[in-house]
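[1] Sequence first, predicted coordinates after that:
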Amino acid sequence: MVDEAGAAPAVAFDRITKRFGAVVANNGVSFDIAAGTIHGIIGENGAGKSTLMSILYGYYQADGGEIRLGGAPARIQSSADAIRLGIGMVHQHFVLVEPFTVLENLALGREGGLVLKGGLDQARAAAQAIEAAYGLAVDLDARVEDLPVGSRQRVEILKALYRGAEILILDEPTGVLTPDEALQLFQILRRLKSEGKTVLLITHKLKEIMAVTDRVTVMRAGRVVGDVATAETNEADLAERMVGRKLAALPEPLAVVPGEPVLSAEGLRVRDAAGVERVRGVDLALRPGEIVGIAGVSGNGQSELMAGLAGLAPLAGGRLTWAGAPVPTADTATALRRLGLGHIPEDRHKDGMVGAFEAWENSILGYHRDPGHARGPWLLERAVKAMTRQRMADYDVRPRDERLRTAAFSGGNQQKLICAREMARGPKVLLVGQPTRGVDVGAIEQIHARLRALKAAGTAILLVSVELDEILALADRILVMVDGRFTGELRSTDATERALGLLMAGVQGEAA
Ligand SMILES: Nc1ncnc2c1ncn2[C@@H]1O[C@H](COP(=O)(O)OP(=O)(O)OP(=O)(O)O)[C@@H](O)[C@H]1O
């Protein structure tokens, strides 16, 4: 097909099919992406978006169908082929070498890049030209490990452009960004478009689709179920196309009056892996029936706060108490779990699961010695599998196969598996980091409803999220974290996105 101007589409997917065992991840997928546009791809968790992009980027080979680039059939058998054909990918989970500088990361992988004398100087000149052309501000000499998430993402984009990308794939790029960083990213995407690049944007956030794309393709269960110009649709229409039904508003459970703190922290100090103190003396009390939200630009100590509260990072100072009694300082994480702590970590790949384990094994990760899961040294495999199947049904995990390796589930379904594990036990305290990152609208609705139900049942909940919408929707109290300290506290009834944004930026006077 050609567009009105007579140009072949930048990418044409023509009847792409891909199977994994019995699962048909892509089932005759056909649509075009016009050159020089921003094209959105949406769909429920497991709809097949990432699989399609993995085929385009050469990670997977399709079982059938054809991809054409600029009208010409393309054989993309590896990511090296994809890069050569001008396709760049910005991953959900960045793939940069952390101890290296930005420049070194760029030069890496380019023939002789690091080895050749003068290679880095050449890279610098080229990178500076790209930065200037697309408004991508990053310090080329900074070490990647020292950069906040938003800058790392710009490095990924820079890297793709440096390798000559004309078509850029972004998979859930704003999941890890603050609202401000997301706005900056959109500016960059618009700039890329105005310079003639083609952008494929996978996101669950319909607001983003409406704000930045020209056209959007909707996938469901491996097929294309909609392909519309963004100007001719709206969020509600897209949500309904995605899930194939109208989304119902869920009833709000009755609130309980928060009681005495269950988990408290006093003067808490936590260092990161490099020994830098990231939590610098905070007091916090989590009470039954209350959701406390932590708002902040990512990288201000939220991750270390969660790790400290979960007993996963040693405390550099301060203390934890549970119902008024000191929490054991040896094997704290296990002690806290036994007391009734649930923890949905921010980084599910790193802390939440073992990809090589089957779903049923992950469903008891950290709880494998509980009665009901094991007798002596023996896992009660049949019972655990039955429990996992039930939870998969309750939390709508797809595909509903407790024996599938966890890594084979789509990102959103992995998150649902972890939520099920940590929520289904009815924890007394639940620490939740970015619970809906990468999760589709239907599942967000469910996870939010579950958090509200746990709260109503008396769980004390700490919610760390970079989604201000999410914090405003769920939290009773909101603490703003800047540089390892709480710099403000708002009742959610008084909080606005603007007030929070100002506090997050460290502007205290105006927000008050
Ligand atoms: N390597 C694999 N092995 C087995 N099944 C897989 C594999 N990769 C993906 N699948 C399955 O293919 C289907 C499509 O998954 P995919 O990751 O493409 O969905 P998605 O739309 O990107 O979802 P999400 O929004 O949750 O990331 C899912 O049912 C998934 O479990």
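    Thanks, I have the structure now. Numbers count the residues shown, from 1 in each chain.

[2] Need the pLDDT of residue 6.
    Residue 6 carries a pLDDT value of 67.

[3] what's the distance between residue 287 and residue 281?
    21 Å (Cβ to Cβ, to the nearest Å). All C-beta atoms are positioned from the backbone trio N, CA, C, and that covers glycine.

[4] same question, residue 385
    Distance from residue 385 to residue 281, by Cβ to Cβ: 46 Å.

[5] the more surrounded of the two?
    residue 385 (18 against 15; other Cβ atoms under 10 Å).

[6] pretty sure the more buried one contacts residue 359?
    No: between residue 385 and residue 359 there is no contact under Cβ atoms under 8 Å: 9.1 Å.

[7] Contact residues of the protein facing the ligand?
    Neighbours of the ligand within the chain, by Cβ under 6 Å from any ligand atom: 20, 23, 25, 43, 45-51, 398-399, 408-413, 438, 440.

[8] Now with 5 Å, please.
    Contact residues, the chain versus the ligand (Cβ under 5 Å from any ligand atom): 20, 23, 25, 45-51, 408-412.

[9] and the two most separated of those?
    20 and 412 (16.3 Å; Cβ to Cβ).

[10] ok, those two, which is more surrounded?
    Using other Cβ under 10 Å, the more surrounded residue of residue 20 and residue 412 is residue 412, with 26 against 14.

[11] Looks like the more buried one contacts residue 438 (just checking).
    Yes: contact criterion Cβ under 8 Å: residue 412 and residue 438 qualify, at 5.5 Å.

[12] Quick check: neighbours shared by these two?
    Listed contacts common to residue 412 and residue 438 are 45, 204; contacts here mean Cβ atoms under 8 Å, 6 or more residues apart in numbering.

[13] quick revisit: mind listing which of the residues of the chain next to the ligand are in strands?
    20, 23, 25 (DSSP state E).

[14] before we move on, the earlier item: which of the residues of the chain next to the ligand count as buried?
    Among the residues of the chain next to the ligand, those classed as buried by 16 or more other Cβ atoms under 10 Å are 23, 25, 45-51, 408-412.

[15] Could I get the contacting residues of residue 327?
    For residue 327, the contact set (Cβ under 8 Å, 6+ apart) comprises 311, 319, 320, 321, 335, 336, 339.

[16] element containing the third one?
    What that stands for is residue 320. strand 315-322 (DSSP states H and E).

[17] what sits up against that strand?
    By Cβ under 8 Å, 6+ apart, the residues outside strand 315-322 that reach it are 261-271, 277, 281-282, 308-309, 311, 326-327, 329, 332, 336, 339.

[18] Whichever of these end up buried, select them in ChimeraX.
    Here is the ChimeraX command that selects the buried residues among these (16+ other Cβ under 10 Å):
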select :261,262,263,264,265,268,269,270,271,282,308,309,311,327,332,336,339
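
[19] Helices - which of the contacts of strand 315-322 land there?
    308, 309, 332, 336, 339 (DSSP state H).

[20] List just the nearest of these to the ligand.
    Of all these, residue 309 has the smallest distance to the ligand: 27.8 Å, by Cβ to the nearest ligand atom.

[21] What are the buried residues along stretch 207-223?
    208-210, 212-223.

[22] Out of those residues, list just those in strands.
    Within those, residues falling in strands by DSSP E are 215, 216, 217, 218, 219, 220, 223.

[23] Looks like the first one contacts residue 40 (just checking).
    Right, residue 215. Yes: with contact defined as Cβ under 8 Å, residue 215 reaches residue 40; the gap is 7.2 Å.

[24] Between those two, which contacts overlap?
    In contact with both residue 215 and residue 40: residue 230, using Cβ under 8 Å, 6+ apart.

[25] returning to that earlier point: closest to residue 501 among the buried residues of stretch 207-223?
    For those, the nearest to residue 501 is residue 208 (17.7 Å; Cβ to Cβ).

[26] you'd agree the closest one is up against residue 201?
    Yes: if you go by Cβ under 8 Å, residue 208 and residue 201 touch, sitting 7.4 Å apart.

[27] what residues do the two have in common as contacts?
    Joint contacts of residue 208 and residue 201 (Cβ under 8 Å, 6+ apart) are residue 40.

[28] helix, strand or coil for residue 437?
    Classification of residue 437 using DSSP: H, G, I helix; E, B strand; the rest coil returns coil.

[29] Any idea how many residues pack against it?
    If you count neighbours by other Cβ under 10 Å, residue 437 ends up with 22.

[30] which one among the residues of the chain next to the ligand gets closest to residue 144?
    Closest approach between the residues of the chain next to the ligand and residue 144, by Cβ to Cβ: residue 411, at 22.5 Å.

[31] Does the closest one touch residue 436 like I think?
    No: counting by Cβ under 8 Å, residue 411 does not reach residue 436; the two are 11.4 Å apart.

[32] What residue, apart from its backbone neighbours, is nearest the most centrally placed residue in the chain spatially?
    Geometric centre of the chain, nearest residue: residue 437, 3.7 Å, by Cα atoms, centre = their mean. The shortest distance from residue 437 to any residue other than its chain neighbours is 4.4 Å, reached at residue 175 (Cβ to Cβ, 6 or more residues apart in numbering).

[33] Relative to residue 107, how far out is the one you found?
    Going from residue 175 to residue 107 by Cβ to Cβ gives 28 Å.

[34] cool, and residue 366?
    41 Å.

[35] Repeat that for residue 182.
    Counting by Cβ to Cβ, the gap from residue 182 to residue 107 is 29 Å.

[36] Those two: who's more crowded?
    The residue with more neighbours, out of residue 182 and residue 107, is residue 107; 25 against 22, by other Cβ under 10 Å.

[37] Quick check: that one touching residue 121?
    No: between residue 107 and residue 121 there is no contact under Cβ under 8 Å: 10.0 Å.

[38] one step back: make JSON lines from the contacts of residue 327 and add pLDDT to it.
    Converted to JSON lines, these look like this (pLDDT from 0 to 100):
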{"residue": "311", "pLDDT": "93"}
{"residue": "319", "pLDDT": "94"}
{"residue": "320", "pLDDT": "95"}
{"residue": "321", "pLDDT": "95"}
{"residue": "335", "pLDDT": "92"}
{"residue": "336", "pLDDT": "94"}
{"residue": "339", "pLDDT": "91"}
